[in-house]
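Next one to model:
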Amino acid sequence: MNLIFNTTKRLRRPRFLHVGVWLVSLLFFGWSAQGQRLESYIEEAIKNNPSIQAVEKQYAISTEKISEVNSLPNTQISGGYMVGKGDMAMMQEGEFSVMQMFPWFGTLAARGKYATAMADADFLEIEIAKRKVAMALSQSYYRLYEIVKKQQVLDSNIQLLKVYEQLALTSVEVGKASAVSVLRLQMRQNDLIEKKLVLEQDYEAELIAFNKIMSRKEVADVAILDSLAVPEKDIEIDFNNLELHPELAKYEELIKVVSHADALNKKESAPEFGIGMDYMLFNENPNMLMPMVSLSIPIFNKRYKSIARQNKLKYEELDIQKQASQNSLVTQLQSAVRSRNAARISLETHDKNLRQAEQATEILFKNYETGTMDFREVLDVQELQLNIQLNRVEAIGDYFKQMSIINYYIK
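As a prediction, the model looks like this:
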């Protein structure tokens, strides 16, 4: 199920990204039944998302610059011709010359390495953008799942209250309950219907957000899975894998850019030389062809010394930025792991409470058979059971939303 997303074709990619930007299978840990549908949505989003397309264009520009920097300076061509005839036999009638300047040996190669390093850094921006889109789409998908499941919980509880209402009406007829119990059950149904209508509005808003991430022109419905199964055991998180994260690898590439910029600066501080030819026309004497050589020496080289100092400072800046970024990634990953673990604990607690609430409901029904059912207790237990069910749905949603964050940081 491993999937490698292809990007714009280029000459070379960084070695540490052979696996591409995002192994979608890691989002689901082998849960093919529940991951297959979301995987297809992620593929479509990555293909059409404008933010990814923008960085891909920037990468294409960077790869074009490799050809640009390997070109030679313009060839200089000049010429002149005397309009009037002179009396002297040695008088020159015209002159034509051509000159081609060349950078110092190895300068073109240094420029190519610098441009290639810049392209590698831009390529990592594509990887980062793809991961962010996959994470954002996954979280939106799980929010839609939460809303749908909450609606289903409300529907089942509304139906349950209707059953209780019929029981209360029967009890009123035989004098075992008051009409107030019926009204309370009806008001409770109205509250749940209100919550369901609010959830419908939440669903419409989230559906629009989901389609925007996928860059769809029209709002299309999303196929939501019937259920999400939390795995029995969580995968172990290796924080050392953060070293390979594109946000950190980007700094390694930028350090290479500075290294190549420093090497290029040394080459450009060397002299430039040119080779040319001068052709002279005379009145009576034979024309002359004279080879020429030109040399350009950077006598005032303060500019190159300043660039060298700037590159050194840039090294130090990038090293500090990388450390700060690494600290931030570790903190965010640790927070996501903690929240994931908390969601699992919460889910286990809700499962226990739900079983106890179901036992309380059974007791109430047994009491009804003996004619001692208290409908205020029925409402209390029903409300407790509803909250447990809703919180359980939220715990499942939180678990998978945190996993989408975790998978942004790990391979």
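
Show me what the helix or strand where Gln385 lies is packed against.
Assigned by DSSP states H and E, Gln385 belongs to helix 375-409. For helix 375-409, the elements it packs on are helix 107-173, helix 179-213, helix 302-369, judged by 3 or more C-beta pairs under 8 Å, 6 or more residues apart in numbering; DSSP states H and E. Bear in mind the C-beta positions are built from the backbone N, C-alpha and C, glycine included.

buried set for the second one?
Okay, so that is helix 179-213. 181-182, 184-185, 188-189, 192, 195-196, 199, 203, 206-207, 209-211, 213 (16 or more other C-beta atoms under 10 Å).

Equivalent analysis for stretch 106-118, please.
Going by neighbour count (16+ other C-beta under 10 Å), the buried part of stretch 106-118 is Thr107, Leu108, Ala110, Arg111, Gly112, Lys113, Tyr114, Ala115, Thr116, Ala117, Met118.

any idea how far Met277 lies from Met135?
Separation of Met277 from Met135 (C-beta to C-beta, to the nearest Å) stands at 62 Å.

quick one: which of the two has more around it?
Met135 (20 against 13; other C-beta atoms under 10 Å).

how about that one, what does it touch?
Ser404, Ile405, Asn407, Tyr408 (C-beta atoms under 8 Å, 6 or more residues apart in numbering).

Report pLDDT for it.
We have a pLDDT of 96 for Met135.

for Met91, same thing?
On pLDDT, Met91 comes in at 68.

likewise Pro271?
With respect to pLDDT, Pro271 has a value of 85.

swap in the one 3 residues further on?
With respect to pLDDT, Gly274 has a value of 85.

Double-check that it belongs to a strand.
Yes: applying DSSP: H, G, I helix; E, B strand; the rest coil, one finds Gly274 inside a strand.

what's the helix or strand for the closest residue to it other than its chain neighbours?
Nearest non-adjacent residue to Gly274, counting by C-beta to C-beta, 6 or more residues apart in numbering: Ser294, 3.6 Å away. Taking DSSP H and E as the definition, Ser294 sits inside strand 288-296.

Show me how far that strand is from its chain's centre.
Chain-centre distance of strand 288-296: 56 Å, with C-alpha atoms, centre = their mean, to the nearest Å.

So which elements touch it?
strand 92-102, strand 272-282.

Partner strands of the first one, with direction?
Sheet pairing here is set by DSSP bridges, and for strand 92-102 it gives strand 76-81 (antiparallel), strand 272-282 (antiparallel).

List the contacts of that strand.
By C-beta under 8 Å, 6+ apart, strand 92-102 touches 72-73, 75-82, 272-283, 292, 294, 296.

same question, stretch 196-211
By C-beta under 8 Å, 6+ apart, stretch 196-211 touches 137, 140-141, 143-144, 147-148, 150-151, 154-155, 158, 218-222.

Can you go through these and name the buried ones?
Buried, going by 16+ other C-beta under 10 Å: Leu137, Ser140, Tyr141, Arg143, Leu144, Ile147, Val148, Lys150, Gln151, Leu154, Ile158, Val222, out of these.

if I pick Tyr399, what's in contact with it?
Val230, Arg340, Ala343, Arg344, Leu347.

Check those residues and tell me the two furthest apart.
Maximum pairwise distance in the contacts of Tyr399, criterion C-beta to C-beta, is 10.8 Å, between Arg340 and Leu347.

on that earlier part again, from the buried ones among the contacts of stretch 196-211, which is closest to Glu252?
Leu137 (28.0 Å).

Looks like the closest one contacts Glu44 (just checking).
No: Leu137 is not in contact with Glu44 according to C-beta atoms under 8 Å; the separation is 9.1 Å.

thinking again about what came up before, mind giving me CSV with the helices and strands packed on strand 288-296 and columns for distance to Gln321?
Formatted as CSV, the helices and strands packed on strand 288-296 follow (distance: least, C-beta to C-beta, whole Å):
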stretch, distance to Gln321
strand 92-102, 38
strand 272-282, 35
